[in-house]
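Novice: generate coordinates for the sequence data below:
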Amino acid sequence: MCVYTERIMAMEKRAEKTREADADGASAGRAKSREVLVIGGNRYFGKRLIERLLNAGDRVTVLNRGSSPPPPGAFHLVADRNDEESLNAALGTRAFDVVVDQVCYTPRQAELARRVLAGRTRRHVMTSTVEVYEYEDSITPVREAEVDPRTVHVDLALPWDDPEFLEAHYGEGKRQAEAVLAADPAFPYVSVRVAHVLGGADDFTGRLRHYVDRVRAGEPIAVPPVNRPATYIHVEEIADFLFWAVGQDFTGPVNAASHGPLTTEDVCAAVAARLPGGKVLFQEVEVGELSPFAFTRSYAMDNSRATGLGFVFGHTGHWLPRAVAETLGEDD
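Specialist: Below you'll find the predicted structure:
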């Protein structure tokens, strides 16, 4: 084993021990279980977050449209988060220590949530995205202050209910949603800007699978002439991060990303290492659709705020092979 790998594994072990200690300390320090509302997010890392909360002894309520039941042990409320009357009827007189909103994509949704939940919670954690930085292009990793939600213009008149518009303006929707929450100093919010998430056999996005299929078949992978690196996080680590954030008292935006940005070449090399006979073939594209995780701009995230607050991130160099193995349905 090389020294570099040993260092990464040692750092990952320290990170895991720190997270375990934080979880144990949080559980021991609470006189009673927390009341936590999770809106949506009943799959992928949202499901893992709910499991962590339940394992910590928290009382968890999951609110969704009824399309899927929550994990055993969680309470279930059925409502349309886009309908204020439906939300108020489902919530009744309930109040929560923390709300985790996993499916807030637009300023309208944020405004409705703020109205309904004001006075019902002491802390609102919104799952945001690295895509709020989509217009940045920086050699150095981007800090939270580069997109200050207090300065973002909000336009509620845009066609946020149009699925095609929303898909094309995903980053803008999240930016404006953050701005709505930030506009009310009396509403204590956190926006977790999540890096690109990899790993898990239940990854429904198909982005890593795209590379597996291309490398296995030796088909070209479309990349820009100058392909920029990006920041990533493993599905288990972002669940750990959100669980940790639930128990903290800081507010405002925070970047959540593992150490070690990755290029498309890094991702493909990890895939090829698991596919004997697979071939990595890149095709430069000036105009047209690019492969997932191929970027013309550089907006990798700086995670120093989160580390300064006490969270210990792992390194992509340690968990990337495991993420590929999970996508392939193999043991690492």
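Novice: what's the spacing between stretch 211-223 and its chain's center?
Specialist: When distances are taken as Cα atoms, centre = their mean, to the nearest Å, stretch 211-223 is centred 26 Å away from the chain's centroid.
Novice: buried residues in it?
Specialist: 211-212, 214-216, 221-223 (16 or more other Cβ atoms under 10 Å). Every C-beta, even on glycine, is put in place using the N, C-alpha and C of the backbone.
Novice: contacts for that stretch next, please.
Specialist: 264, 267-268, 271-272, 275, 278-285, 288-292, 294, 324, 327-328 (Cβ atoms under 8 Å, 6 or more residues apart in numbering).
Novice: tell me which of the residues you listed fall in strands.
Specialist: 281-284 (DSSP state E).
Novice: from start to finish, how long is stretch 153-170 in a straight line?
Specialist: In terms of Cα to Cα, to the nearest Å, the two terminal residues of stretch 153-170 are separated by 15 Å.
Novice: low-confidence regions, this structure specifically.
Specialist: Flagging of the chain using pLDDT under 70 yields the residue ranges 1-31, 331-332.
Novice: show me the strands in it, by range?
Specialist: Here the chain has its strands, by DSSP E, at 35-39, 59-64, 75-78, 98-101, 124-129, 189-194, 196-198, 220-223, 232-234, 252-256, 281-284.
Novice: now for the third one, which elements pack on it?
Specialist: Other elements packing on strand 75-78 under the criterion 3 or more Cβ pairs under 8 Å, 6 or more residues apart in numbering; DSSP states H and E are strand 59-64, helix 84-91.
Novice: C-alpha coordinates for stretch 99-111, CSV please?
Specialist: Listed in CSV are the C-alpha atoms of stretch 99-111, where the atom choice follows Å, rounded to 0.1, in the frame of the first residue of the first chain:
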residue,chain,number,x,y,z
VAL,A,99,-37.2,21.0,10.1
VAL,A,100,-35.1,19.5,7.3
ASP,A,101,-36.5,20.5,3.9
GLN,A,102,-35.2,18.1,1.2
VAL,A,103,-37.4,19.2,-1.6
CYS,A,104,-37.4,23.0,-1.7
TYR,A,105,-36.5,24.0,-5.3
THR,A,106,-38.1,27.4,-5.8
PRO,A,107,-38.6,30.7,-4.0
ARG,A,108,-42.4,30.1,-4.0
GLN,A,109,-41.9,26.8,-2.1
ALA,A,110,-39.5,28.6,0.3
GLU,A,111,-41.9,31.5,0.9
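Novice: alright, that wraps it up for me.
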